[in-house]
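1. dropping a prediction and its sequence here:
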Amino acid sequence: MISAILFDLDGVILDSNPVIEAFWGKWAEREGIPFNEQIIKETIHGRTTWETIHTLFVHADDARKQEIYDDGVSFDLTMQPALIPGVQDFISGIADRGLPFILVTSSPHKRAWHFLRQQGLAQYFTDSITMEDVTKGKPDPEPYLKGAAKLGIDPDACLVFEDSDSGIRSGLDAGMRVVAVNNSNFNHERVIWTISDFTELQVEEQHLRLEGNKDSGKLAFRLP
């Protein structure tokens, strides 16, 4: 039984990972830094911009790091990612049924809400946990624990939607159950489902229903 849902942003709500990877790949090539799938997994997805910069460009001086950060801010203002298929209907469905939910992202507050407004989703979200709200980012459990606390819901009754290894680990270590989005390699008993997108899910009266190619099932929820 779940009582609340916690959403990551990039790769879960926004189909933004390919362009984000291209942005960091451009800077890595400029700086002569190796760039591959392992680096992407370990230093980019689920991390704050500054964490990525300090980890990936450890050789750079402060001025260069600030230049990379400022370029990232400009990039975000021009980026127009699509939504992950089905996510708008899914969010609308749980909102209609009164199931509490919150955004938990490594993005700065301004960036996160820019994209929620851009995609017409800000009307559904009443609160968020963003980069400024935590002292330890994902994979530390702090972001998701703070999300549960804001909702006033016990972590064990929370369901997380995450795509990155660091985000999944953050949710699991917070004691929550997780639905992995486009990440079939993360095996854990509390990763209850793996989905390609939200078209595989249906919001019904008292439960979520999964109808995927390899799995199916129901997860009951408790309304306030």
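-> Arrived safely, thanks for sending. Numbering: from 1, shown residues only.
2. tell me how the chain divides into domains.
-> The chain breaks down into these domains under automatic domain parsing: 4-15+81-220, 17-78.
3. contacts for the longest helix anywhere in the chain, please.
-> Using DSSP state H, we find that the single longest helix of the chain is helix 62-78. Contacts made with helix 62-78 from outside it, assessed by C-beta atoms under 8 Å, 6 or more residues apart in numbering, are listed as 23, 27, 49-50, 53-54, 57, 60, 111, 114. Every residue, glycine included, has its C-beta placed from N, CA and C.
4. include secondary structure when you put those into a markdown table, please.
-> Listed next are these as a markdown table, based on DSSP: H, G, I helix; E, B strand; the rest coil:
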| residue | secondary structure |
| --- | --- |
| 23 | helix |
| 27 | helix |
| 49 | helix |
| 50 | helix |
| 53 | helix |
| 54 | helix |
| 57 | coil |
| 60 | coil |
| 111 | helix |
| 114 | helix |
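5. a markdown table for those residues, including distance to residue 2 and pLDDT?
-> What follows is the contacts of helix 62-78, written out as a markdown table (distance: C-beta to C-beta, whole Å; pLDDT from 0 to 100):
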| residue | distance to residue 2 | pLDDT |
| --- | --- | --- |
| 23 | 35 | 88 |
| 27 | 39 | 94 |
| 49 | 31 | 84 |
| 50 | 33 | 89 |
| 53 | 36 | 93 |
| 54 | 36 | 93 |
| 57 | 40 | 95 |
| 60 | 43 | 94 |
| 111 | 28 | 92 |
| 114 | 29 | 93 |
